[in-house]
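In: Structure here, sequence nowhere to be found:
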């Protein structure tokens, strides 16, 4: 019944009604803009790499004997500072928490050359714009007897590994 | 008979070729001047006639044109440099050295590219100042102002991506800092940083990504938006001008009103003053033209506008050549990812940002810049007062101009502090 009515209606009276033409226009528009939206999302997935080619998060730094008590050695390539106090070892990040520059060990702890952030011996902020303390990473002993640092696992500040 | 034809075809060959390329002879009449403007592909972005006020050198100072010409030069010199550049962390820096030592005109070409890039950032900013201080962003030109802000940001992003490509110390550390700033954006910050760098730190992936953005994506987007920007100038009624610039000086209102318009295309009409005029609607077929259809205060684009543009172009090229002859683009030491330079400074136009960032990474790098850009974008939608358009520092716009002047002075001051007054560890130093 409604079909018949629609067919009979003159053009001016179809305003606001769902004619076949309008339905098809709607469907096509949804199809085209929907595809555009989906392809946009697909592009975002394409651009986001699944594998990266940079350095691995977990790496070994050598036998514990290579780091005698009192060592405070910055490994700039790995962006980590290895500290040994007696039998305790820890690894503190040397990537500034402000904007990612490499902090350098100083007498009082660490200092960043980019925007002047300063940290104490444990990596806590003592000055400058850095918003939080330097990260501490998990240290463990690998089966081959070498110390291993995992930058993928952050530990609480003050957590040492006993060798 | 056949020989005769072929002979004349030969003798007339140069003329025929010439006429097939240029459909009109050099114009000697108003009709010709109009046709030259709109039958030539490269000229037809121009209006056939422009208001006299538009051509006043001290009104626009050609700032937008200079920006555009610098962009054209950047595309040209950029393509040249691409012939030698390799976006690889192992080769990029060596290629920069090769460009300096072995490539003919290599240093000069790189200098031109570098100084034109700095110049484009400077002139796009000056152009924005001009538009603001003359009130040119007002209705109906609001959206073109918005496009201009977007183009300004794209210019900065182009410059930023280009900065990494030489793969020297400055490049590496400026991008390390810049990418970290992106990481401070709320919610999506870390994702954005990762997408931009293609890795967690600046490396080969970042170099390749920045290269693609710099040589393909951004120039294409900028070209497209520049075209829309120019097109909008015409569709919004030409350059902004004060209302009194519309009427021809010395032509009484009575005469202007009595003009009989001719409906047929291509026919001249005669004003009651006895002067012959071509109605623009007689030349342009179509429903839409913004150029007045009565005698107004306008002149033909050929040769008035073209001469002005040519003059600005020559001035731009000359200035850039002189700069490139006397000053070499800097190239620092190759990247050493273990030793940031101290202080590590971004390019000068980001030093105001870097100065802010030294107080707070979020507010300096994300919060305040975002607020500034948003404020700039909404300016034409908040300031609806139509008075004071088309004049520098109009008295009616005292408040708006003062606010904008403060914005300009604050940003320039921050840049000067970051450039001259900051030393090792970003500590305050005196340049004297």
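Out: Received the coordinates, thanks. Since we're looking at a predicted model, the values are computed, not measured.
In: Next, the buried residues of stretch A:135-154.
Out: A:135, A:136, A:137, A:138, A:139, A:141, A:147, A:148, A:149, A:150, A:151 (16 or more other C-beta atoms under 10 Å in any protein chain shown). Using the backbone N, CA and C atoms, a C-beta is placed for each residue, glycine as well.
In: among the residues you listed, which two are most distant?
Out: A:135 and A:141 (20.6 Å; C-beta to C-beta).
In: sorry, back to before: among the buried residues of stretch A:135-154, which one sits closest to chain B?
Out: residue A:151 (9.4 Å; C-beta to the nearest C-beta).
In: Next, find the distance separating that closest one from residue A:97.
Out: Distance, residue A:151 to residue A:97, by C-beta to C-beta, to the nearest Å: 14 Å.
In: Kindly report the same for residue B:414.
Out: The value you get for residue B:414 to residue A:97, if C-beta to C-beta is used, is 23 Å.
In: the more surrounded of the two?
Out: Using other C-beta atoms under 10 Å in any protein chain shown as the criterion, residue B:414 and residue A:97 rank with residue A:97 on top: 21 against 18.
In: how about the more buried one, secondary structure?
Out: Taking DSSP: H, G, I helix; E, B strand; the rest coil as the rule, one finds residue A:97 in the coil state.
In: Give me the distance between it and residue B:353.
Out: 19 Å.
In: swap in residue B:149?
Out: 16 Å.
In: out of these two, which sits in the busier spot?
Out: Under the neighbour definition other C-beta under 10 Å, residue B:149 and residue B:353 were set side by side, and residue B:353 has more, 22 against 17.
In: what's the helix or strand for the more buried one?
Out: Using DSSP states H and E, residue B:353 sits within helix B:351-357.
In: list the helices and strands that helix packs on?
Out: Applying 3 or more C-beta pairs under 8 Å, 6 or more residues apart in numbering or on different chains; DSSP states H and E, we find helix B:351-357 packed against helix B:169-183, helix B:368-382, helix B:398-420.
In: Can you tell me which of these is most buried?
Out: helix B:169-183 (a mean of 23; mean count of other C-beta atoms under 10 Å in any protein chain shown).
In: Looking at that helix now, give me its mean pLDDT.
Out: Averaging pLDDT along helix B:169-183 yields 86.
In: ok now it, how far from the chain's centre?
Out: When distances are taken as C-alpha atoms, centre = their mean, to the nearest Å, helix B:169-183 is centred 26 Å away from the chain's centroid.
In: So that helix, near chain A or not?
Out: Yes: using C-beta under 8 Å from any C-beta of the partner chain, helix B:169-183 reaches chain A at B:173, B:176, B:177, B:179, B:180, B:181, B:183.
In: and the residue nearest to residue B:384 when sequence neighbours are not counted, what is it in contact with?
Out: Setting aside the residues directly before and after it, residue B:384 is nearest to residue B:139 in space (C-beta to C-beta, 6 or more residues apart in numbering or on different chains), at 7.0 Å. Counting by C-beta atoms under 8 Å, 6 or more residues apart in numbering or on different chains, residue B:139 touches B:380, B:384, B:386.
In: List just the nearest of these to chain A.
Out: So of the contacts of residue B:139, ranked by how close each gets to chain A (C-beta to the nearest C-beta), first place is residue B:380, at 28.7 Å.
In: Can you show me the strands along chain A?
Out: Using DSSP state E, the strands of chain A run over A:58-62, A:72-75, A:80-85, A:88-93, A:104-106, A:109-111, A:118-119, A:125-127, A:136-141, A:147-155, A:161-162.
In: How about chain B?
Out: B:49-51, B:268-270, B:276-278, B:298-300.
In: Return the helix or strand in the chain with minimum mean pLDDT.
Out: All of this refers to chain A. helix A:2-8 (a mean of 50; mean pLDDT, DSSP states H and E).
In: actually chain B
Out: helix B:253-257 (a mean of 42).
In: For chain B, which residues are neighbours of chain A?
Out: B:173, B:176-177, B:179-181, B:183, B:194-195, B:198-201, B:203-205, B:337-344, B:354, B:357-362, B:364-365, B:424-427.
In: and the closest residue to residue B:215 other than its chain neighbours, how many neighbours?
Out: Spatial nearest neighbour of residue B:215, excluding adjacent residues (C-beta to C-beta, 6+ apart): residue B:82 at 6.2 Å. As a burial measure, residue B:82 scores 13 neighbours (other C-beta under 10 Å).
In: from what I can see residue B:82 touches residue B:216, true?
Out: No: with contact defined as C-beta atoms under 8 Å, residue B:82 does not count as touching residue B:216 (10.3 Å).
In: Give me the distance between residue B:199 and residue B:184.
Out: The gap separating residue B:199 from residue B:184 is 18 Å, by C-beta to C-beta.
In: Apologies, that question was intended for residue B:116.
Out: From residue B:116 to residue B:184 the distance is 31 Å (C-beta to C-beta).
In: Tell me which of those two has more neighbours.
Out: residue B:116 (26 against 22).
In: got the contact list for the more buried one?
Out: By C-beta under 8 Å, 6+ apart, the neighbours of residue B:116 are B:70, B:73, B:74, B:77, B:320.
In: Go ahead and confirm residue B:306 touches residue B:42.
Out: No: at 10.4 Å, residue B:306 and residue B:42 do not qualify as touching, with contact defined as C-beta under 8 Å.
In: between the two, which one's more packed in?
Out: Comparing residue B:306 with residue B:42 by other C-beta under 10 Å, the one with more neighbours is residue B:306, at 15 against 6.
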